[in-house]
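Enquirer: sequence and predicted structure are below.
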Amino acid sequence: MRRHSAHLTHDAAVLPWLGANFWSRTGGPLMWRDYDPEVVRAELDVLRAHGLNMTRSFFYWPDFHPEPHRIDEELCERFRDFLDAHRERGMGTVPTFIVGHMSGENWDPAWRGGRDLYEDVWMVGRQAWFASQMTRRFKDHPAVTGWLITNEMPGYGRIYQVDPPAGDVVTAWAQAMCNAVRAAGGTQPVSLGDGAWGIEVTGRDNGFSLRDTAEYVDFVGPHVYRSDTDRARQHHRAAFECELAGVTGQPVVLEEFGLSTDTVSAANAGVYYRQTLHNSLLGGATGWMAWNNTDYDDLWEQSPYDHHPFEMHFGITDAAGAPKEPLHELAAFARVLKDVDFARCRRADAGAALVVPAFLERGYPYSRPADRPLIFTSLHQAYVAARTADLPVGLTREADGIAEDVDLYLLPATRQLTTRTRRALQRRAEAGATVYLSFCSGEHPGTRGPWFDDLDGLFGVEQQLSYGVAEPIEDDVLEMTFREDFGGIQAGEVLRFPVAGNEDSRAYLPVVPRDARVVAVDGHGRPALLCRETGRGRTVLATYPLEHMAARTARVNPERTHRLYAALAEVAGVARPVTVDEPHVGADTLVHEDGRRFVWLVSQADGELTVRPVADGTLHALGTGEPVAAVTLPAFGVRVLELR
């Protein structure tokens, strides 16, 4: 299957966007009141010298729109100088219109008066008028390379955890706002700036739907800040969310990501940037905007920094303009993008797919929103395992109908499937595909057990569950002993998995094999992995929730599911162009339009490693073309090579 990796194609976006969200160190969100053109130019010089080609900029709404029918023209002139400073340096910027939320605080124009930003017709009209006025003023400036409607509107328009707006209302608002930009003559790419925090990515319904707003926007922009209990999962978090955000097939720009150096060491800040940049590229992102350009040591008495003090030190430069480790990583990443001519590359096709249940993004009658976090976390952990297995994997969404050009389907402890998908998977197995599912009972006592029909028939077993009672896993470690060779796993080999979950999900599936054979057993001699040949393909059942257990375990990766995925790939005949016999190092490939292939080796080890990749060709250093057999990676390091 073709994996998502769409690029922006606007004339002003010849190069991939690589930049930073920009507030000058002289004022943060209040920079336009005391605009200092010399400081701004000095700040841009540092970014440009490190390979950045753009910024995301902000019309602080209370200042630029002080009265319902008036724009502050003096501030507009200052913004025009800001654009000129970008043009002088060969840089672009993406202005953001409705900036009422920023860094932990919301600010309203004085005239809002509590009016609803989505449903009050007059208020929607004022927002659209503001967007159209700013577009008319700046649409012809060569430094403007795109537009964003808002900054994180779900946290400003309404606090969606308490009072989310209806989806049709949000979509109508988005239509009005984007149409205002287009009607005013804005031809550059436009998006919403909402963070892609809607249901298709997070499983949480905040009123924003990537599917519903796709008609009006040109790209999708995830904002990724959530934390994890496992470092490898954390390093792949942005990548996984970019994969999910590719649901509409539009370009995915990692619009915000970053960290405060009040919360991590300088070295680990660099590690996080390196891992996030390279992994998100491999996850389908084709643009990046760090949060943010500078620290603000002198703004400690100003909101939001007085009550969110860590927000002062999200910068990729310090308050004097000196580069921090994140900017050094951005510079190195910029060199890689140039070396591989990234704008003309795409991700290699994948023969394996993670199946995303429709329950993540659809509110079926009497289904529980609380089930969605289990789906997200199991898929996230499975994604990490696939990357550890050097297995190129795409996402296929049940809501769209599963992809037909896949040889291996992975259903990793997500529990819920519709009847259509159940039947489609059986047809695909009979036609030659391998279908893998790990059982999961769910994290809630209501309707425990598998949420789809005839598990027995699909996997050739007779399940032995009792109504309403989960079969508890009493061991702290699952020992899966293989009775026969399976892919690259030898008979007699034991894979060990940590056991985790609550009283509902820490459960296994007791089965009796019918026309399936037992490939592996647990420590009590019970079937743990079974395989049923059907037609020209097969189905494989794990009776334990392997991915869910790992997802609920801190500091677990690399755990052993990657061995199972590699074995499944071998059984299914799925190509892995480059493999590394070291679970801390993952490999993946990009393909240039001229046929060249580039290999990324990404280490999750906290120390230096030397590996000898196995490839379906020879590996060569970028630039020199020298053959490479052994690769030494520093802690959490990345190396990019050409595969010939």
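Expert: Okay, I see it.
Enquirer: give me the neighbour count for D339.
Expert: The number of residues packed near D339 is 13, by other Cβ atoms under 10 Å. Yep, even glycine has a C-beta here, placed from its N, CA and C like the rest.
Enquirer: which residue is the nearest non-sequential neighbour of the residue of the chain positioned farthest from its centre?
Expert: The centre of the chain is farthest from one residue, R514, which by Cα atoms, centre = their mean lies 40.5 Å away. Sequence neighbours aside, G460 is the residue nearest to R514 in space, at 5.3 Å (criterion: Cβ to Cβ, 6 or more residues apart in numbering).
Enquirer: with L379 instead?
Expert: Of all residues not flanking L379 in the chain, L354 sits nearest, at 5.9 Å (Cβ to Cβ, 6+ apart).
Enquirer: contact partners for that neighbour?
Expert: L379, A382, Y383, A386, V393, G394, L395, T396, L410, P412 (Cβ atoms under 8 Å, 6 or more residues apart in numbering).
Enquirer: kindly report the same for R639.
Expert: Neighbours of R639 in contact, by Cβ under 8 Å, 6+ apart: W600, L601, V631, L633.
Enquirer: list the backbone torsions phi and psi for the residue most central in space within the chain.
Expert: Nearest to the mean C-alpha position of the chain, counting by Cα atoms, centre = their mean, stands E241 at 2.0 Å. In terms of degrees, to the nearest 10, the main-chain angles of E241 are phi -70, psi -30.
Enquirer: give the contact list for it.
Expert: By Cβ under 8 Å, 6+ apart, the contact list for E241 reads A196, V201, P222, V224.
Enquirer: rerun at 10 Å
Expert: Counting by Cβ atoms under 10 Å, 6 or more residues apart in numbering, E241 touches 195-197, 201-202, 222-224, 226, 252, 254, 257, 280, 283, 285, 376, 380.
Enquirer: in PyMOL, how would I select the buried members of those?
Expert: The buried residues among the contacts of E241 can be selected in PyMOL (16 or more other Cβ atoms under 10 Å) with this line:
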select buried, resi 195+196+197+201+202+222+223+224+252+254+257+280+283+285+376+380
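Enquirer: low-scoring stretches of the chain, by residue?
Expert: Low-confidence segments of the chain (pLDDT under 70): 10-14, 158-162.
Enquirer: please redo it, this time with the cut-off set to 80
Expert: Low-confidence segments of the chain, defined by pLDDT under 80: 9-15, 157-163, 366-367, 370, 446-449.
Enquirer: now for V340, how many residues are close by?
Expert: Counted with other Cβ under 10 Å, V340 comes out at 20.
Enquirer: re the thing from before, of all the contacts of L354, which comes closest to L465?
Expert: Proximity of these to L465 (Cβ to Cβ) peaks at P412, which lies at 20.2 Å.
Enquirer: where's that closest one relative to D581, distance?
Expert: Separation of P412 from D581 (Cβ to Cβ, to the nearest Å): 23 Å.
Enquirer: mind checking which of the two has more residues around it?
Expert: Neighbour totals were compared for P412 and D581, and P412 leads with 28 against 11 (other Cβ under 10 Å).
Enquirer: who touches that one in this structure?
Expert: Taking Cβ under 10 Å, 6+ apart, one finds 354-355, 375, 378-383, 385-386, 436-438, 440, 542, 545-548, 550-551, 561, 565 in contact with P412.
Enquirer: beta partners for it?
Expert: Going by DSSP bridges, P412 is paired in beta bridges with S438.
Enquirer: returning to what we had before: in strands only, show me the contacts of E241.
Expert: Mapping those onto strands (DSSP state E) picks out H223, V224, V252, L254, F257, A285.
Enquirer: out of those, flag the one nearest to D116.
Expert: H223 (23.2 Å).
Enquirer: residue boundaries of the strands in the stretch 351-500 of the chain?
Expert: 352-356, 393-397, 408-412, 434-438, 461-463, 471-472, 477-482, 494-498 (DSSP state E, counting those that start in this stretch).
Enquirer: would you reformat the ones you listed as TSV and include distance to G625?
Expert: What follows is the strands of the stretch 351-500 of the chain, written out as TSV (distance: least, Cβ to Cβ, whole Å):
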stretch	distance to G625
strand 352-356	31
strand 393-397	30
strand 408-412	34
strand 434-438	38
strand 461-463	53
strand 471-472	58
strand 477-482	42
strand 494-498	40
